[in-house]
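Engineer: build me a model from this:
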Amino acid sequence: MMAADVLGKLPRRPTPIDIAEAITGTRAGQFLAVRLGLTPNFLRNISVDDRDRTEQIWRGGD
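Structural biologist: I've put the predicted structure just below:
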């Protein structure tokens, strides 16, 4: 499940990088990054710019 503030920042067909940037732009995402000791660009750096991989994110735990 994704928060409305994250979904509102996404383009129509987001890439994993778009999703990572939307998450890190929220207060919750920033809190988790600080809590876990992640650098501001960590999620973006490990994401790919391939729209075909977005489906794997939506499926989540499958």
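
Engineer: contacts only, for the spatially most central residue of the chain.
Structural biologist: The centroid of the chain falls nearest to A20 when counting by Cα atoms, centre = their mean (2.5 Å). Contacts for A20 (Cβ atoms under 8 Å, 6 or more residues apart in numbering) come out as L43, R44, I46, S47. Where C-beta positions appear, they are placed from N, C-alpha and C, glycine not excepted.

Engineer: tell me the SS of the second one?
Structural biologist: In other words, R44. Under DSSP: H, G, I helix; E, B strand; the rest coil, R44 falls in the helix class.

Engineer: ok, the nearest residue to it once chain neighbours are set aside to I57 distance?
Structural biologist: Of all residues not flanking R44 in the chain, A20 sits nearest, at 4.9 Å (Cβ to Cβ, 6 or more residues apart in numbering). Here A20 is placed at a distance of 10 Å from I57 (Cβ to Cβ, to the nearest Å).

Engineer: what's the neighbour count on R13?
Structural biologist: Using other Cβ atoms under 10 Å, R13 has 8 other residues around it.

Engineer: look up how far F42 lies from it.
Structural biologist: 24 Å.

Engineer: do the same with G8
Structural biologist: In terms of Cβ to Cβ, G8 sits 22 Å off from F42.

Engineer: what do you get for L36?
Structural biologist: 9 Å.

Engineer: where does this protein have its least confident helix or strand?
Structural biologist: helix 4-7 (a mean of 88; mean pLDDT, DSSP states H and E).

Engineer: ok, residues contacting that one?
Structural biologist: With Cβ under 8 Å, 6+ apart, helix 4-7 has contacts from I19, A22, I23, T26, G29.
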